[in-house]
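# Quick one, fold the following:
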Amino acid sequence: MNRRLFLNQGTRVALTAALLPTVACQTTTDKPAADVPAGTPAAGATTETGTADSFELHEATVADLQDRMAKGTDTARSLSEKYLARIKGLNEAGPMLRAVIETNPDALTIADELDKERKAGKVRGPLHGIPVLIKDNIDSGDQMMTTAGASALTGHKAKQDAFILKKLRAAGAVLLGKTNLSEWANFRSSHSVSGWSSRGRQSRNPYALDRSTSGSSSGSGAAVAANLCAVAIGTETDGSVVSPSAVNGLVGLKPTVGLLSRSGIIPISSTQDTAGPMARTVRDAALLLAALQGPDSADPAPLPIPANTPADYTVFLKPDALKGQRLGVEKSHLNGPPAVAALLKEAVAALKAQGATIVEIELNKLVNPLGEAEFDVLLYEFKEGVNKYLAGAGASVKNLADVIAYNKAHAAEAMPFFQQETLIRAEATDGLNNPKYKAAVKKTVAGARQAIDGLLKTNQLAAIVGVTTGPAWCIDWVNGDYSTGVDFSSPAAMAGYPHLTVPMGQVLGLPVGLSFVGPAYQEGRLLGLGFAYEQATHKRAAPKFLPTVTV
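As a prediction, the model looks like this:
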């Protein structure tokens, strides 16, 4: 969920002083003992698993891991054991990232079976034996819970795998565990704290531990950035794949809505929800995307899925993919926060050096007025979707009203920092036949698509680029989230179009991402453009688990 929507619904003003993140985060309340990081290491300090640089699988790609298994250096089991040990050392000890909400007790058994297959000469594909983490709003029909981070759903175990998890298992991946998230995918309060859930507590940014991991796929972002896994799956309604990816120095892809099935995923919006890959490289994101996609009759796509959907997105990954391409750059971002604008200008220069032609455009100006209508869409669809999900689940709460009542009865546990006014507003809606809802859907979807399609056509553009979001803001349990100056998730989110973010550099050691937005089902093109930029710039830098930002 995009923080901008919450900021618009609340009364706070976006941070603009100096247009840079403050060096040290401050809060006006004592941190509760449950959330105080114990043994937080300084840069270069050792943890239970050693420094980030000393980890044996440090920054390993899917191809690197496959090479280790092919040579016999590692097995699926040994890779899983190494990642599980790292999770143990960094998740609830050391920097206490709290990126992983639960590890899979069946992980090593799964790995052993996949090792037997490899030994017998059967390798299912590029993800065979690769440890993967998934967000805790995705059903897994196993011993793990599916809770969306909410204590109200503690104990709930799904009856079967979500469709995309079935695809992931079929591809041979090892389900290592589930990641923490902003509770209810950051759709609970206008004063929410991204990365906090009543079940998983506060996830932390591995680049600076007092900075946000962003919402709502916060744990997936922190986990991949900190090398707790090779790749992970997040979900997005508006910004929740691309924003955590950007502030954690990752590649993240929000696909066209409907390309990946939403069946078995705790919903916010049938219009905008989608899962998406989060990885350290464009190639790994492309591999994960291909494994997850596939038609699901239980999830009618908002847009017709083309019959020629690529089965392999790596064919688009060419170093010269930018040559001869016309790209539109979001003009407001060129004049945004100085340090962030400087990174964008540097990125534009790199795009030009690779043969791209750059045209200045103003997409946000066209889409920003749609924000109120978008929020209405989400309120109506959240109640409808959650009620339907809970009615068929084995949870103790059976609908949204039950969730609200539970939170009230367990306020100390469920609502210690912020309330549930967004849930209450959603509960007050009266169904998808309401003319207000129908008008809001038409306004947001048609408006965003017309804005993007119009700019692409008028300027003959292959894609639109901009700053994904500003640097990570301070974790603030008193005031909640705030803006660090820029956001670019809403246009593609409202339109249901694909959005790729790739590392663009850092501001005071905090990562910032470059966005590539295009028309429906052009994931291959966007991945190609992002790959060419990635290979020309190599802006991904591993985190150092610093206690705070230093200068």
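# Using PDB, list the CA coordinates for the longest helix belonging to the chain.
As assigned by DSSP state H, the longest helix anywhere in the chain is helix 435-458. Extracted as PDB, the C-alpha positions of helix 435-458 are listed here (Å, rounded to 0.1, in the frame of the first residue of the first chain):
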ATOM      1  CA  PRO A 435     -22.700   3.900  -7.300                       C
ATOM      2  CA  LYS A 436     -19.900   5.700  -5.400                       C
ATOM      3  CA  TYR A 437     -17.700   2.500  -5.600                       C
ATOM      4  CA  LYS A 438     -18.400   2.000  -9.300                       C
ATOM      5  CA  ALA A 439     -17.700   5.600 -10.200                       C
ATOM      6  CA  ALA A 440     -14.400   5.400  -8.200                       C
ATOM      7  CA  VAL A 441     -13.200   2.300 -10.000                       C
ATOM      8  CA  LYS A 442     -14.000   3.800 -13.400                       C
ATOM      9  CA  LYS A 443     -12.300   7.100 -12.500                       C
ATOM     10  CA  THR A 444      -9.100   5.500 -11.200                       C
ATOM     11  CA  VAL A 445      -8.500   2.700 -13.600                       C
ATOM     12  CA  ALA A 446      -9.600   4.600 -16.800                       C
ATOM     13  CA  GLY A 447      -7.800   7.800 -15.600                       C
ATOM     14  CA  ALA A 448      -4.500   6.100 -14.900                       C
ATOM     15  CA  ARG A 449      -4.500   4.000 -18.100                       C
ATOM     16  CA  GLN A 450      -5.400   7.000 -20.200                       C
ATOM     17  CA  ALA A 451      -2.600   9.000 -18.600                       C
ATOM     18  CA  ILE A 452       0.000   6.400 -19.100                       C
ATOM     19  CA  ASP A 453      -1.200   5.200 -22.600                       C
ATOM     20  CA  GLY A 454      -1.500   8.800 -23.700                       C
ATOM     21  CA  LEU A 455       2.000   9.800 -22.700                       C
ATOM     22  CA  LEU A 456       3.500   6.600 -24.300                       C
ATOM     23  CA  LYS A 457       1.700   7.100 -27.500                       C
ATOM     24  CA  THR A 458       2.100  10.900 -27.900                       C
END
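# count of neighbours near the closest residue to Ile452 other than its chain neighbours?
Distances taken as Cβ to Cβ, 6 or more residues apart in numbering put Ala495 closest to Ile452, at 5.5 Å, once the chain neighbours are dropped. No exception for glycine: its C-beta is placed from N, CA and C like everyone else's. Ala495 is flanked by 27 other residues according to other Cβ atoms under 10 Å.
# Test for you: state the pLDDT assigned to Ala495.
Turning to Ala495, the model gives it a pLDDT of 98.
# so who does it touch?
Taking Cβ atoms under 8 Å, 6 or more residues apart in numbering, we find Ala495 in contact with Val445, Ala448, Arg449, Ala451, Ile452, Ala520.
# out of these, what pair is the most spread apart?
In these, two members sit farther apart than any others by Cβ to Cβ. They are Ala451 and Ala520, at 13.9 Å.
# Could you check how far the host helix or strand of Leu288 is from the centre of its chain?
Assigned by DSSP states H and E, Leu288 belongs to helix 282-292. In terms of Cα atoms, centre = their mean, to the nearest Å, the centre of helix 282-292 is found 14 Å from the chain centre.
# hmm, who's touching it?
Applying Cβ under 8 Å, 6+ apart, the external contacts of helix 282-292 come out as 61-63, 125-127, 132, 164, 167-168, 171, 173, 230-231, 233, 251-253, 255, 260, 275-279, 310-314, 316-317, 500, 502, 523, 527, 530-531, 534.
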